[in-house]
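Undergrad: dropping the sequence and predicted coords here.
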Amino acid sequence: MKKTIYALILGAIVLIGISIRNIYNKDIEVGMLEKTSKNDYEDLIIKCGNTDEKLIALTFDDGPDEDFTPQILDILKKYNVKATFYVIGEKVQYNKKIIKRQYEEGHEIGNHTYTHINVSKNGYNKIKKEIGDTQSAVKSVTGIYPKTFRPPYRAISKDMCDIIKEKDMNIVLWSYVDARDWESPGVCSIVKSIESGIQNGCIILLHDYNKIRAPKSQTIEALDIIIPNLLEKGYKFVTISELIEHLEKNTNNEKAPN
């Protein structure tokens, strides 16, 4: 009886924690648009792809990591799937070979600021420099600028939106589920979070950096389970730009006159 009560209490705590986390993320997004028109930036922000197609996008934040990123690339190559890496600009100069490998193997590289700042707590000039320096760092290795930007902490601001609009980029968040793999919650927890929340057009948030310096991160172990399972269910992994391309194509088809 005591075990049953304990399990119920624990389950309730987990659900409350998830609810608070989701409300927190939503409040950050809503807060940044309180002083302006949401419609001004609606086309910039991507949270999901086309829900009519079994396309999904794997994304990895906070790299490149000299130990974990190559292991992730090995797994992606093993299953012949593509992903998008949202890199920290200051890490690029120390990991140029990894960035080059990502690009040469067909993965997309996105902008995640230069020093992982919270843009909602910084002004226009600081944000512009963080984004601009990361753009330059990536281009110095790949020859092209990133097309998309992901704000750390999912925190966004009007200044950030204005800068992204000026650069003709998109702001990319994530869909339905956050496995919080950076907390190392356990391989099974990461797998369950993703597989229970997956839907058509889903943008999956993971990380290729982890403070726990084990031979393999839990994220890497989870990927070797998640990828073949989702492939078996008929999902196709695409880069963020490919996901956006399909989304825009679908939107244009819907707007086209009959």
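TA: Sure thing, it's come through.

Undergrad: C-alpha from now on. contacts and neighbour counts both.
TA: Will do.

Undergrad: break down this structure into its strands, ranges please.
TA: Listed in chain order, the strands found in the chain under DSSP state E are 45-46, 55-63, 84-87, 108-111, 148-149, 170-172, 203-207, 236-237.

Undergrad: let me have those in JSON lines, extended by distance to Ser189 and mean neighbour count.
TA: As requested, these are exported to JSON lines (distance: least, CA to CA, whole Å; neighbours: other CA atoms under 10 Å):
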{"stretch": "strand 45-46", "distance to Ser189": "26", "mean neighbour count": "18"}
{"stretch": "strand 55-63", "distance to Ser189": "17", "mean neighbour count": "24"}
{"stretch": "strand 84-87", "distance to Ser189": "22", "mean neighbour count": "26"}
{"stretch": "strand 108-111", "distance to Ser189": "27", "mean neighbour count": "27"}
{"stretch": "strand 148-149", "distance to Ser189": "27", "mean neighbour count": "24"}
{"stretch": "strand 170-172", "distance to Ser189": "24", "mean neighbour count": "23"}
{"stretch": "strand 203-207", "distance to Ser189": "13", "mean neighbour count": "24"}
{"stretch": "strand 236-237", "distance to Ser189": "21", "mean neighbour count": "21"}
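
Undergrad: so which of the ones you listed comes closest to Ile244?
TA: Nearest to Ile244 among the strands of the chain is strand 45-46; the distance by CA to CA comes to 7.8 Å.

Undergrad: distance of Thr219 from Gly110?
TA: In this structure, Thr219 and Gly110 are 19 Å apart, going by CA to CA, to the nearest Å.

Undergrad: wait, Ile163
TA: Distance of Ile163 to Gly110, given as CA to CA: 15 Å.

Undergrad: kindly report the same for Val141.
TA: Using CA to CA, one gets 13 Å for the distance from Val141 to Gly110.
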